[in-house]
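In: Sharing a sequence plus its predicted fold:
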Amino acid sequence: MLESCIAFSLAAFLLAISPGPDNIFVLTQSVARGSRYGIAVASGLITGCIFHTSLVALGFAVILQDNEWLLLMIKIFGAIYLLFLAYKVYQSDGSIHLEENTTNHQSWFKLYRIGITMNLLNPKVTLFFLALLPQFVVPGAMEEWIQIYILGGIFMLVSLITFYLVAFLGGSVAQFIRSSSWFGPVMKWTQIVVFVGIAVAIFIL
């Protein structure tokens, strides 16, 4: 179980640092209004993950138990989905756009609620949790749903720390992004490698 948690922590970290709508939104809010507003968005995004973790935990316990064929189908679907995400990133131009006047008049709590809403209304998060978390469950170690909650907690902790760092360093990171011609393409290919790597790992864990 410890080895599985360590491997999952690494996967969660790679996913958290890969540029996407969530961490880009955290970054824009930090640049526009200050670190604490980026922290508000990040806190809301991670709070929403509690729902997705619970959904996967309950589904895993009720539906996947004694249905190995269904677990195999989830693995296949998850791998295809990850490869699809990698393809969509490949099609993008690799640019990361920042706007300095983003939601200038929104309160800390409103941004927190926006973060929760963004997470809850994003079906990709549910699909991603469903595809990824069960792959790190160790048969016989403890109850499957408990392992799912542990893995979900690890994902939330790693993502929260990463998003908070993005928020704290928002100003300097934004300046670096604006002045760099290679940062966007490097992040683009990093994200592709992460998605493809996890898709392959699903079948060798």
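Out: That came in fine, so what should we check first?
In: Flag the helix or strand of this protein with the lowest per-element mean pLDDT.
Out: One helix or strand of the chain scores below all others by mean pLDDT, DSSP states H and E: helix 170-179, with a mean of 65.
In: what residues are up against residue 38?
Out: 26, 27, 29, 30, 163, 166, 167, 170 (CB atoms under 8 Å, 6 or more residues apart in numbering). Using the backbone N, CA and C atoms, a C-beta is placed for each residue, glycine as well.
In: for this protein, what spans make up the strands?
Out: With strands called from DSSP state E, the chain shows none.
In: centre of the chain versus stretch 121-137, how much separation?
Out: Stretch 121-137 has its C-alpha centroid displaced from the chain centroid by 9 Å (CA atoms, centre = their mean, to the nearest Å).
In: Provide the contact partners of it at residue level.
Out: The contact list for stretch 121-137 (CB under 8 Å, 6+ apart) reads 4-5, 7-8, 11, 48-49, 52-53, 55-56, 59-60, 64, 71, 74-75, 77-79, 81-82, 119, 144, 147-148, 151-152, 155, 198, 201-202, 205.
In: List the buried residues of it.
Out: With burial defined by 16 or more other CB atoms under 10 Å, the residues of stretch 121-137 counted as buried are 122, 125-137.
In: and of the residues you listed, the nearest to residue 185?
Out: When the buried residues of stretch 121-137 are compared for distance to residue 185 (CB to CB), residue 128 comes out closest, at 24.1 Å.
In: For residue 164, grab the count of nearby residues.
Out: The number of residues packed near residue 164 is 18, by other CB atoms under 10 Å.
In: Please read the previous query as pertaining to residue 91.
Out: Around residue 91 sit 7 other residues, with neighbours defined as other CB under 10 Å.
In: again with residue 10
Out: Going by other CB under 10 Å, the residues that sit close to residue 10 add up to 11.
In: Could you check how far it is from residue 16?
Out: Taking CB to CB, to the nearest Å as the criterion, residue 10 is separated from residue 16 by 11 Å.
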